[in-house]
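K.L.:
After the sequence you'll find the predicted model.
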Amino acid sequence: MTRYVALLRGVNVGTTRLAMADLRRIVTDLGHDDAKTYLQSGNVAFGSTVRDAEKLAAGIERALADELGLTVPVLVRSGRELAAVVGGNPYAEVEDDPTRLLVAFLATPPKKTVVDALAVPGGENVSFTVTGREVFLHFPDGGYGRSKFTNAYLEKKLGVVATTRNWKSVRALAELAAG
């Protein structure tokens, strides 16, 4: 059995409302074990014998649509992948405020030419590093909520679905995925 985390994009931050009890039930009804949610923002850790993260994501997406009428992109990472994210943050040593460190999880790796062209809008003080299917973000002046370098901006510029979590959440999800 492998531990995974499903990250749902845009849940409980706008108009898409989802009770975490419903999310746990849906994941469990799909045959996965030990579903545990974190916060109210569409994060669920679970165990599964399925080894294909894309298949897991598609199953959760389909169940959310069929049972609750929600169209929500779902990204899945294994516990091992989340541990690598936590261990690979290039800004973790320069920033101790977890609200200034974020990770944008991408559905697929973006094209190199698109990554090379990615720039911070309007001269904002933001550092970023794209590594595979993650974008590590550092907002040294705080202000992700005031920044234009948002999840929507990344999706538009990189051409992939993304969902962003702050560093505290990333670490907590990695712990949940570790079992």
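P.N.:
Yep, it's here. Numbers count the residues shown, from 1 in each chain.
K.L.:
Tell me how far residue 177 lies from residue 91.
P.N.:
Relative to residue 91, residue 177 is positioned 21 Å away (CB to CB, to the nearest Å). C-beta coordinates here come from the backbone N, C-alpha and C atoms, glycine included.
K.L.:
between the two, who's got more neighbours?
P.N.:
residue 177 (22 against 18; other CB atoms under 10 Å).
K.L.:
Would you check that the more buried one makes contact with residue 5?
P.N.:
Yes - counting by CB atoms under 8 Å, residue 177 does reach residue 5; the two are 4.9 Å apart.
K.L.:
Show me where this protein has its helices.
P.N.:
All helices of the chain, identified by DSSP state H, fall at 20-29, 53-68, 79-87, 112-117, 151-158, 167-178.
K.L.:
I'd like the ones you listed as JSON lines, with distance to residue 96 and mean pLDDT appended.
P.N.:
Formatted as JSON lines, the helices of the chain follow (distance: least, CB to CB, whole Å; pLDDT from 0 to 100):
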{"stretch": "helix 20-29", "distance to residue 96": "29", "mean pLDDT": "96"}
{"stretch": "helix 53-68", "distance to residue 96": "31", "mean pLDDT": "96"}
{"stretch": "helix 79-87", "distance to residue 96": "15", "mean pLDDT": "97"}
{"stretch": "helix 112-117", "distance to residue 96": "28", "mean pLDDT": "97"}
{"stretch": "helix 151-158", "distance to residue 96": "23", "mean pLDDT": "97"}
{"stretch": "helix 167-178", "distance to residue 96": "10", "mean pLDDT": "95"}
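K.L.:
possible to save those helices as a markdown table with distance to residue 130?
P.N.:
Converted to a markdown table, the helices of the chain look like this (distance: least, CB to CB, whole Å):
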| stretch | distance to residue 130 |
| --- | --- |
| helix 20-29 | 29 |
| helix 53-68 | 19 |
| helix 79-87 | 13 |
| helix 112-117 | 5 |
| helix 151-158 | 8 |
| helix 167-178 | 16 |
